[in-house]
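Visitor: here is my input, please return the structure:
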Amino acid sequence: MASGRPARRTCGIAQRTAGLAQEVLERAKRRKVSWPEPVEEDSERLSAAFASVVEFMSRTTKECEKYYSYVPASRCQENEIKHICRYHSRQAAENLLQTLEQEARKASKDLYIEVSPGTYSVTATSDDMVKQTHMVDVNAGQSINLTFSI
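Guide: Numbering: from 1, shown residues only. Sure thing, here's the model as predicted:
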């Protein structure tokens, strides 16, 4: 007998849910909105408005690409790089990323310095005078690699 109760309860819940769904459907049918048919004149005005927006966006894109063609890739901030990759041609994005890689390779300088054991402060300065310092503690026979992100 105990096993019959949950089945009856489930059946009752399903019937109640079906009844509520039917009520919602009936209310939706009563609230049906009949939209007016578009007038030819409205359609033409809308098409003209979209055409002018498309033309404006095309000119804006050309001006934006022209601007970024004069800005050195290394001077672009992260949000500008994301902008170019998202809104400009694939070729423009690939060119930017390729230029950034080339500039990074040119800017990268490897130095090898032998020092006696001890604690040292090593500072690197970028072309635009941004400084970054690392503190290192060197033991006898130890080799340390430092990377500066400036």
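Visitor: quick one: low-confidence parts of this protein?
Guide: Within the chain, the set of residues satisfying pLDDT under 70 comprises 1-10, 105-108.
Visitor: residue ranges for the helices of it, please.
Guide: Remark: helices assigned in the chain by DSSP state H are 4-30, 40-70, 78-87, 90-107.
Visitor: how about the ones you listed in JSON lines, adding mean neighbour count and distance to residue 139?
Guide: Bear in mind the C-beta positions are built from the backbone N, C-alpha and C, glycine included. As requested, the helices of the chain are exported to JSON lines (neighbours: other Cβ atoms under 10 Å; distance: least, Cβ to Cβ, whole Å):
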{"stretch": "helix 4-30", "mean neighbour count": "10", "distance to residue 139": "73"}
{"stretch": "helix 40-70", "mean neighbour count": "11", "distance to residue 139": "48"}
{"stretch": "helix 78-87", "mean neighbour count": "13", "distance to residue 139": "38"}
{"stretch": "helix 90-107", "mean neighbour count": "13", "distance to residue 139": "30"}
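Visitor: out of those helices, flag the one nearest residue 123.
Guide: helix 90-107 (16.4 Å; Cβ to Cβ).
Visitor: what lies in contact with that closest one?
Guide: 65, 68, 72, 73, 74, 76, 81, 84, 85 (Cβ atoms under 8 Å, 6 or more residues apart in numbering).
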